[in-house]
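Chemist: Fold the following, please.
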Amino acid sequence: MRMVIITKGQAIALLAMIIGLTMGITTWGILVGAPPARQEAVAAFAVGSLFEEEVTTEPPSPTAEIATAVAAPTMELQLQNKSLHVEVIRDTPAPTTKKSILIYHTHTWEAYAQVEDAPYQETEKWRTKDNRANVVAVGEALTASLRALGFQVVHDTTAFEPPKLSDAYTRSLSMLEARQQQGESYDLYIDLHRDAYVKNSGVAQTVTIGGETVARLMMLIGKGAGTAFTVKPDWEANYALAERLTSCLNNSQEGLCRGVTLKSGRFNQHIAPHCVLIECGNNMNTLEEVLRSVPYLAQAIEKVLMEE
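Modeler: Residues are numbered from 1 along each chain as shown. Here you go, the predicted model:
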């Protein structure tokens, strides 16, 4: 089953129509819009065929990734017991030159609230090795949406948490450094996470769009303060980028993105210009609520990167 929603003009996302939950069949029709002067792209999230995209844990060839992004106007991937189909519809061909993005997950096994129709096996509370149920699934959806918009995207799904969670940033840094040594360079580095719910914080966990609950996002930037880090990130530039993304998201849907959080840690954001850690929902959100935010995030990334 497939549903595609197309509107003209404004860059908006219409999302989340749930069909036949008792049958385990869900269809999401999501528009990823473009500025009025450009053409429109439609991301159709559909359930049906169970095509499972290969998960790459070794750094892939940049050339191979670029070829895939350009040659494939449609793609599918497996998320829990659902298949995600992303299709691009444009009045004119997509731009042949787009910027490149690396998506990875330092805390790879961060997962969301359990739901009856799609349970997952926990490694510990709110964590799972199942990439169809953890934050990697969100990265897959974002990768598909950005590729649908024409970006060259590498999604590294390496599990950095084992054997010890506290060393995860050391291991993800090794991956980043290895890619640099291979000559890889990206216009945007995204470390995609799931936030932790804070009880009695008074912070809203979702916004309502078109009658559906959508998980909120948040950008986190590290200053690399203190003497522990000899190489510092350009945190002012990263912060400015995060502010632009946040503003773009909230201009499209009020309250969708919380304010940028600035911390003293480094979070590997010294590795290159344009690094951002993005918290996609928290452990009280369902994966479905988080996936509903993805087209808005993809649209904001497109707007911000293409303005530079």
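Chemist: which intervals of the chain have sub-threshold pLDDT?
Modeler: Applying pLDDT under 70 to the chain flags the ranges 1-97.
Chemist: Please report how far residue 287 lies from residue 281.
Modeler: 8 Å (CB to CB, to the nearest Å). Any C-beta I mention is one placed from the backbone N, CA and C, and that applies to glycine too.
Chemist: Now do the strands in the stretch 51-200 of the chain.
Modeler: Along the stretch 51-200 of the chain, counting by DSSP state E, counting those that start in this stretch, strands occupy 74-79, 82-87, 100-104, 152-155, 188-195.
Chemist: Tell me the strands beside the third one, with direction?
Modeler: What it means is strand 100-104. If you go by DSSP bridges, strand 100-104 pairs up with strand 152-155 (parallel), strand 188-195 (parallel).
Chemist: got the buried residues for the lengthiest helix in the chain?
Modeler: Ranked by number of residues, the top helix in the chain under DSSP state H is helix 235-252. Buried residues in helix 235-252, counted by 16 or more other CB atoms under 10 Å: 235, 238, 239, 241, 242, 244, 245, 246, 248, 249, 250, 252.
Chemist: pull the CA atoms of it into CSV?
Modeler: C-alpha atoms of helix 235-252 as CSV (Å, rounded to 0.1, in the frame of the first residue of the first chain):
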residue,chain,number,x,y,z
TRP,A,235,31.7,25.8,18.6
GLU,A,236,30.6,29.3,17.6
ALA,A,237,30.1,28.2,14.0
ASN,A,238,28.5,25.0,15.1
TYR,A,239,26.2,26.9,17.4
ALA,A,240,25.2,29.3,14.6
LEU,A,241,24.4,26.3,12.4
ALA,A,242,22.2,24.8,15.1
GLU,A,243,20.4,28.1,15.7
ARG,A,244,19.6,28.3,12.0
LEU,A,245,18.3,24.7,11.9
THR,A,246,16.2,25.3,15.0
SER,A,247,14.8,28.5,13.6
CYS,A,248,13.9,26.9,10.3
LEU,A,249,12.2,24.0,12.1
ASN,A,250,10.1,26.3,14.3
ASN,A,251,9.2,28.5,11.4
SER,A,252,7.8,25.5,9.7
